[in-house]
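Trainee: Okay, here's the prediction I keep looking at, along with the sequence it came from:
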Amino acid sequence: MIIRDQAIEPRFDARPAWWIFRELARRLGVGQYFDFDGIEDIWRYQLEGTDVDLQTLRAKGMVSLAAKPLLWDRAEGLKFKTASGKIEFVSPVLAAAGLPACLAPYQAPAELAPGQFRLVFGRPAFHNHAHTMNNPLLNELMSENSLWMHPEPAAALGLGEGDMVEVTTDQARQTGRLTLTPWIHPEAVFLYHGFGRSVPWQTRAYGKGMADHRLQTGLLHAYDPAGGGNNLTECVVRVARA
C-alpha cells in the first residue's frame, strides 16, 4: 500500500474530489453514503483489517502486505474466486445478475469509408491523466499533442508530416498537427489524452492540441453492463486537411 498525500495547499477556492463528492451528497440529501469529514477518515476506513494504521503508513510511505511474493505452484494449478475454481466462459454470476452468461459471439466492426479512422487514445509519461497540462515544468516537456497516422492513408489523403488537419465527427471538430508513424494500424489514428483545454485561465494549455474526449460523441451510453467500461475506442472520426 502506498500513501499519496497533499504536498502543498491548493490555490484560490480549489477543492479536492472527495470534498466535492461529499458536499454534493449532503446537499442532495444522501450524505449518509459519504459519512466522513476528511480524507484521513477515508484512509482509516480503507486500512481496516490490514493491521496497518495511518500513522505507520504515513511514516513509511509504503507498506508491503506480504512478507514475500505470492507465487502459484504450476503443478498445483491456479485457483480462481469462481464457483468452479476455474476460468468460467459460462458464468452463473452473470446469469444471476440477468446478464448474458457466456462470451458474446464475435461481431465484425463496421467498414470504414475513405477518410474515416478509428480513434484510439493514450496518456504520456509526462502528464498525470488530464490534470497537469498547465503545470509550467510539465507543459515545457509536452505542451500539445498531435494526431498520429500511418503514412499510407496519409498519402492517399494528400497529407504530410506536420500538416494541420481537422478531425471531425457529426457533432465535434478538433484541429491540430499531424504526425506520421508506421507503428500504428492504417485504419486507426491516435491522440494523447488531456490536451485541447478550453478554460482560458489555463493560459499555458489553453487551445493547444486536440481534445480526444470531445470527439467521443454518442458513446456515453455505449458501455459494458457487466464491467461498466465505456467503449471509448469505438469512436470513428474523419480526417482532412485543415
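Mentor: Right, received. Where do you want to start?
Trainee: Show me what stretch 46-57 is in contact with.
Mentor: Met1, Ile3, Glu40, Trp43, Arg44, Val63, Leu65 (Cβ atoms under 8 Å, 6 or more residues apart in numbering). (C-beta placed from N, C-alpha, C; glycine too.)
Trainee: List the residues that contact the second one.
Mentor: Ile3 makes contact with Trp43, Leu57, Arg58, Gly61, Met62 under the criterion Cβ under 8 Å, 6+ apart.
Trainee: What part of this protein, helix or strand, is modelled with the least confidence?
Mentor: Sorting the helices and strands of the chain by mean pLDDT, DSSP states H and E puts helix 92-96 at the bottom, at a mean of 89.
Trainee: Could you give the separation of it from the chain centroid?
Mentor: 28 Å (Cα atoms, centre = their mean, to the nearest Å).
Trainee: And the helix or strand following that helix, how far out from the chain middle?
Mentor: Remark: after helix 92-96, the chain's next helix or strand is strand 116-122, criterion DSSP states H and E. On the basis of Cα atoms, centre = their mean, strand 116-122 sits 14 Å off its chain's mean C-alpha point.
Trainee: Would you mind listing the buried residues in strand 116-122?
Mentor: Burial within strand 116-122, assessed by neighbour count using 16 or more other Cβ atoms under 10 Å, is assigned to Phe117, Arg118, Leu119, Val120, Phe121.
Trainee: Tell me which helix or strand comes right after it, heading toward the C-terminus.
Mentor: Heading C-terminal from strand 116-122 (DSSP H and E), you reach helix 136-141.
Trainee: Now that following helix: buried residues?
Mentor: Buried-residue list, helix 136-141, by 16+ other Cβ under 10 Å: Leu138, Asn139.
Trainee: mean confidence score for it?
Mentor: Mean per-residue pLDDT for helix 136-141: 96.
Trainee: Also stretch 105-123?
Mentor: Here the average pLDDT along stretch 105-123 is 91.
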